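J.: A structural model of the following input is requested.
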Amino acid sequence: MTPSDSAPASPTPGRMAGRIAVVTGASRGIGRAVAKRFAVEGAHVVAVARTQAALEDLDDEVQAAGAQPLMLVPEDLTDYEKIDQMGAALFQRFGRLDVLVGNAGYLGRLGPVGHTPPEMFQQVMDINLTANWRLIRSLDPLLRQSEAGRAIFVTSGVGHEARAYWGAYAISKAALEMMVGVYAAELLKTNVKVNLINPGRTRTDMRREAYPGENPETLPLPDAHAEAFVRLASPECQDHGALIDLPSLAESEG
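T.: Here you go, the predicted model:
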């Protein structure tokens with residue numbers, strides 16, 4: 001049996017049946033919602049996050065919903081050698097990767113850009129930018145082995161507009177958008193489609209940290225965005241090099 005032959009057939013019917021998907025930042029917020037939705041849609045999900053207990057809770061939810069168990073990877077994405085090891089392990093087990101969702105992010109401290117402590121600036125870059133580059137470096141060969149490889153990276157409105165006091169976070173997202181654009185341009189003649197998604201205002205821990213005075217009841221739950229990720233992850237989706245801005249789409253549809 002070759003590694004690709006060992007890819008599991010999903011017992012759950014759905015639009016992602018049999019597809020192998022890596023989701024980072026999967027223990028909470030948007031990553032958690034996406035990982036669960038992918039699993040319910042039939043994908044074999046590799047859930048990556050730092051907290052083992054939170055990943056186990058997610059796995060319990062997924063199995064209670066009738067989906068197959070997740071593959072849990074409790075790793076810190078700034079341990080870059082672990083990302084390389086994950087790529088090697090996925091190759092050995094499956095021989096390919098169908099979907100990568102680069103969702104994990106870190107806000108850091110908001111305030112004047114010149115007041116950001118150097119170690120915090122570096123940590124924001126390490127998680128929001130460099131970890132995604134390392135994921136591309138490690139997993140791109142596996143995405144190319146898929147008949148319809150899909151990569152989705154999560155950005156923010158502050159990544160494409162200069163907003164005072166958002167400092168390292170905004171800078172990291174702007175750099176991420178450029179990196180993903182370059183990566184997409186390099187894949188024009190392949191079966192891999194790469195896109196960015198801006199979920200907009202969402203009821204997450206990061207949003208609460210950034211806007212402590214905001215009423216969370218006025219914000220959509222992370223689950224509200226899962227459908228957009230399923231669409232971008234599907235073999236039928238032909239978007240490539242796009243920035244899917246969910247707030248703008250909602251306004252146009254409204």
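
J.: contact partners for L90?
T.: I20, V22, V46, L97, L139, L142 (CB atoms under 8 Å, 6 or more residues apart in numbering). Where C-beta positions appear, they are placed from N, C-alpha and C, glycine not excepted.

J.: and those residues, which are buried?
T.: I20, V22, V46, L97, L139, L142 (16 or more other CB atoms under 10 Å).

J.: using JSON lines, lay out those residues together with distance to G181, secondary structure and pLDDT.
T.: Conversion of the buried ones among the contacts of L90 to JSON lines gives the following (distance: CB to CB, whole Å; DSSP: H, G, I helix; E, B strand; the rest coil; pLDDT from 0 to 100):
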{"residue": "I20", "distance to G181": "25", "secondary structure": "strand", "pLDDT": "98"}
{"residue": "V22", "distance to G181": "21", "secondary structure": "strand", "pLDDT": "98"}
{"residue": "V46", "distance to G181": "25", "secondary structure": "strand", "pLDDT": "98"}
{"residue": "L97", "distance to G181": "21", "secondary structure": "coil", "pLDDT": "98"}
{"residue": "L139", "distance to G181": "18", "secondary structure": "helix", "pLDDT": "98"}
{"residue": "L142", "distance to G181": "21", "secondary structure": "helix", "pLDDT": "98"}
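
J.: closest one of these to A250?
T.: Nearest to A250 among the buried ones among the contacts of L90, counting by CB to CB, is V22 at 27.4 Å.

J.: what's opposite the residue nearest to the closest one when sequence neighbours are not counted in the beta bridge?
T.: Sequence neighbours aside, V46 is the residue nearest to V22 in space, at 4.5 Å (criterion: CB to CB, 6 or more residues apart in numbering). Legend: beta-bridge partners of V46 under DSSP bridges are V22, M71.

J.: chain center to stretch 237-247, what's the gap?
T.: 14 Å (CA atoms, centre = their mean, to the nearest Å).

J.: I should have written stretch 138-149 there, sorry.
T.: On CA atoms, centre = their mean, the centre of stretch 138-149 falls 16 Å from the chain's centre.

J.: quick one: buried residues of that stretch?
T.: S138, L139, D140, L142, L143, Q145, S146, A148, G149.

J.: repeat for stretch 209-228
T.: Quick answer for stretch 209-228 (16+ other CB under 10 Å): L219, P222, A224, H225, A226, A228.

J.: what about that stretch, start to end distance?
T.: This stretch, stretch 209-228, spans 25 Å end to end (CA to CA, to the nearest Å).

J.: avg pLDDT for that stretch?
T.: The average pLDDT for stretch 209-228 rounds to 91.

J.: G241: which of the buried ones among the contacts of L90 is nearest?
T.: L139 (18.1 Å).

J.: wait, the closest one sits on A21?
T.: No: the criterion here is CB atoms under 8 Å, and L139 misses it with A21 at 11.1 Å.

J.: so what sits against both of these two?
T.: Counting by CB under 8 Å, 6+ apart, the residues touching both L139 and A21 are L97, L100.

J.: what stretches of the stretch 151-254 of the chain score poorly on pLDDT?
T.: Across the stretch 151-254 of the chain, the ranges flagged by pLDDT under 70 are 251-254.

J.: circling back: which ones among the buried residues of stretch 209-228 are found in helices?
T.: Among the buried residues of stretch 209-228, DSSP state H puts A226, A228 in helices.

J.: would you mind giving the buried residues of stretch 209-228 as CSV with distance to S27 added?
T.: Formatted as CSV, the buried residues of stretch 209-228 follow (distance: CB to CB, whole Å):
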residue, distance to S27
L219, 20
P222, 12
A224, 19
H225, 17
A226, 16
A228, 20
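
J.: assumed V194 was part of a strand.
T.: Yes: V194 forms part of a strand when assessed by DSSP: H, G, I helix; E, B strand; the rest coil.

J.: if I look at it, how far off is A175?
T.: 16 Å (CB to CB, to the nearest Å).

J.: alright, that wraps it up for me.
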